[in-house]
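Trainee: I'll drop the sequence and a predicted model, then ask my questions.
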Amino acid sequence: MKSLMSLWTRMAEDSAILCCTSATSDIKTARRRFEHEGLSFLTIVLPDFGKSIQKWIDQGQVGIHPSFSNGRGSLPRFLGGFFNRVFDRRSGVLLDDPSIDAIRAIRQLTLSFAKISLPCSDARTMNAMVRYIECEKDVRQFDSEVSERDLSDFEEMSNLLFEEVFTVVDRDVYYDRLLPKHGPGAVADKLTSNGKYQLQSWTSRLSEVFLLDRYLIPNHHFTADLDKVSVLEPGSEMPVRVISVPKTLKTPRIIAIEPTCMQYTQQALLQSILEAFYRDELLCGLIGFDDQGPNQVLACQGSTDGRTATLDLSDASDRVSNQLVIRMTRRWPSLQKAIQASRSRRADVPGHGVIRLAKFASMGSALCFPIEAFVFTTLIFLGIQKSLNTSLTKKDVKSFLGSVRIYGDDLIVPVDHVHTIVQTLEHFGARVGLDKSFWTGRFRESCGKEYLNGHDVSITRVRQELPYTMADVKGVISAVSLRNQLFQLGYFGTVEWLDNLLGGMLKHYPEVDPTSPVLGRVSYGGELGQRMHPSLHIPQVRGYAVEAKAPSDVLDGTGALLKCLLKLESRTQLRGVTPWYEPGTVPETEPSPWAPPIGQDEKHLERSGRPKRVSIKLGWWPVS
């Protein structure tokens, strides 16, 4: 913990140099409070202060924060030297030309420890589970109060936007053209990655859409193997397993781990949805699934011209009612039946037992991300339609390209319609996080990037505790990444301090290019490379590179044949697809039409799944 406080001190000193001010009193205050409040001062108190400052910048006026008193005038005493360069000392009003360096420094010193990967206390974890239950109650209340007129308007707008995509997927389901896939992640029944191909549990709901002899065996010669499969009735189905994973020390992230059979069929639907989606040029301009860049570009533009707002939704996936999804797909019975069959109806929540779900799905479902994006897109244009007081056409929707963009729960919307859009979202059960939504001033935030009047004021975040020994591999990897990011920001004193820390652990810690696989020091210019490759004209350095092996997981028999055939069919099927975009212009989904040949994964029947541990290996590696 003390090393993290030392890191904050070095960053404060560098920030003061960059902003031509002094941080001496700020460091004294931070050290005193750290001694009394512990790590929560860095990970909870300061980030809460930083979020308030973001709203002050957006609103153009300093406010009051309970944890930090205001000194003479209207500015807080803590970080006062930096505040002087952003706000007027007496009135507290945002300066006409605030210092971008000072704003970035304030954000770096308040927010950089907000998302450090540390477990929450048991009390905070249980509170998060209580909020999960409360979200479920809110969804049920919405279901009981929503009017038929609202549902009809929602359905009409959804049909306008997604008719072509849903028609294609509905046809794929009807003609049984879906291709299932197992992912490497955890499942509720705790099967290993390769063990999923020996799945012996199905549900009667799935059997009505996803036939056993089509999805669980390679072909009809193995029909006898189906005698081992248990087909569960709705009351006997395995619920999703709700767990917490680190997010911030203030609250964990709550996700739900799906049963294998559900995840398997969800992936089949997902591939069909994505193939149809990427052929729709209009939707690709409005929604992103694997590229945050367009959201970040629009956020930057919005901070300059003020035409677009950035909205952030709280508990986004947990507040999407399944009733909306049913209504959205009502015209496509095969698609609707498949989505509902592959949706888990119950969840096992620690401390609360098994509950029935009114939400569509929590994070963890393969369909959660695309379905919530479709719902939010529909609600945004429903809000725009209400604001304009006229029915939208496809041509009207197209006119909003460049001012509407959805990536998960990060939304870009036109400022002219933002109030009606917020009202519509909340009327349909969503909750807009006003502390992370911006449209008043010139501050915008979307998909991990923040901008003020066109200037990038994004920060570098501390993701792990600093390592003490080389055995803490995750800590070493994170610290090297942190060091190199701070180097790019000009925090050279902090970089030197981190270099001394890491140099004492790593026997080989060379200078490298940013693209090198080696854990080394990114630097400007200079002679990089310690030798030339014996047979290739490539400069190399001696250092440590990250090595992560999939765990041993042997698969043979029918399951091995099924896996090989699915991989082969996936590659063959997708290579026959001609997407509307050029390879490389849109990030590829997995499996991809341009995926490497199966021969490069020849050990997938021996090792599979996400690595259980990461190691570093000493050797000679390319310098870039």
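Mentor: Ah, there it is. What you see is a predicted model, and the numbers here were worked out from it, not measured in a lab.
Trainee: contacts, neighbours, all on C-alpha from now
Mentor: OK.
Trainee: can you report how many residues lie near the closest residue to residue 216 other than its chain neighbours?
Mentor: Distances taken as CA to CA, 6 or more residues apart in numbering put residue 199 closest to residue 216, at 7.3 Å, once the chain neighbours are dropped. When neighbours are defined as other CA atoms under 10 Å, residue 199 has 19 of them.
Trainee: what do you get for residue 52?
Mentor: 18.
Trainee: show me what contacts it?
Mentor: By CA atoms under 8 Å, 6 or more residues apart in numbering, the residues touching residue 52 are 65, 435.
Trainee: do the same with the one 3 residues further on
Mentor: With contacts defined as CA under 8 Å, 6+ apart, residue 55 is in contact with 435-436, 438.
Trainee: low-confidence stretches in the stretch 401-550 of the chain?
Mentor: Flagging of the stretch 401-550 of the chain using pLDDT under 70 yields the residue ranges 525-527.
Trainee: model confidence for residue 581, exactly?
Mentor: Note on residue 581: pLDDT of 33.
Trainee: likewise residue 207?
Mentor: Looking at residue 207, the pLDDT reads 94.
Trainee: over to residue 578?
Mentor: 36.
Trainee: before we move on, back to that, wait, the residue nearest to residue 216 touches residue 212, no?
Mentor: No - under the criterion of CA atoms under 8 Å, residue 199 is not in contact with residue 212, lying 10.9 Å apart.
Trainee: coming back round to it: would you list the contacts of residue 55 in a markdown table and tack on distance to residue 27 and neighbour count?
Mentor: Output for these, formatted as a markdown table (distance: CA to CA, whole Å; neighbours: other CA atoms under 10 Å):
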| residue | distance to residue 27 | neighbour count |
| --- | --- | --- |
| 435 | 27 | 13 |
| 436 | 27 | 19 |
| 438 | 30 | 28 |
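Trainee: what are the boundaries of the helices in the stretch 201-350 of the chain?
Mentor: 204-207, 212-215, 260-277, 281-286, 293-305, 322-328, 333-341 (DSSP state H, counting those that start in this stretch).
Trainee: tabulate the ones you listed in CSV, adding columns for mean neighbour count and distance to residue 394.
Mentor: CSV is the format used below for those (neighbours: other CA atoms under 10 Å; distance: least, CA to CA, whole Å):
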stretch, mean neighbour count, distance to residue 394
helix 204-207, 18, 35
helix 212-215, 17, 38
helix 260-277, 22, 16
helix 281-286, 17, 9
helix 293-305, 22, 21
helix 322-328, 19, 17
helix 333-341, 20, 23
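Trainee: tell me if I'm right that residue 255 and residue 361 touch.
Mentor: No - with contact defined as CA under 8 Å, residue 255 does not count as touching residue 361 (9.7 Å).
Trainee: name the nearest of the contacts of residue 55 relative to residue 220.
Mentor: Closest to residue 220 out of the contacts of residue 55 is residue 436 (54.5 Å), distances taken as CA to CA.
Trainee: quick check: the closest one touching residue 312?
Mentor: Yes - using CA under 8 Å, residue 436 is in contact with residue 312, at 5.8 Å.
Trainee: check which residues of stretch 110-129 are buried.
Mentor: By neighbour count on 16 or more other CA atoms under 10 Å, the buried set for stretch 110-129 is 110-120, 125-126, 128-129.
Trainee: repeat that for stretch 388-398.
Mentor: Applying 16+ other CA under 10 Å to stretch 388-398 flags 392, 397 as buried.
Trainee: can you get me the start-to-end distance on it?
Mentor: 15 Å (CA to CA, to the nearest Å).
Trainee: check stretch 342-357 too.
Mentor: Terminal residues of stretch 342-357 are spaced 14 Å apart (CA to CA).
Trainee: got the contact list for that stretch?
Mentor: 126, 129, 136, 205-206, 238-243, 256, 258, 262-263, 265-266, 358, 360-361.
Trainee: return the distance of the lowest-mean-pLDDT helix or strand in the chain from the chain's centre.
Mentor: Lowest on mean pLDDT, DSSP states H and E among the helices and strands of the chain sits helix 557-575, with a mean of 77. Between the centre of helix 557-575 and the centre of its chain there are 29 Å (CA atoms, centre = their mean, to the nearest Å).
Trainee: in it, what's buried?
Mentor: 558-563, 566-567, 570-571, 574.
Trainee: got the contact list for residue 329?
Mentor: With CA under 8 Å, 6+ apart, residue 329 has these contacts: 166, 335-336.
Trainee: CSV for those residues, including pLDDT and distance to residue 218?
Mentor: Converted to CSV, the contacts of residue 329 look like this (pLDDT from 0 to 100; distance: CA to CA, whole Å):
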residue, pLDDT, distance to residue 218
166, 97, 28
335, 97, 24
336, 97, 27
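Trainee: fine by me, thanks again.
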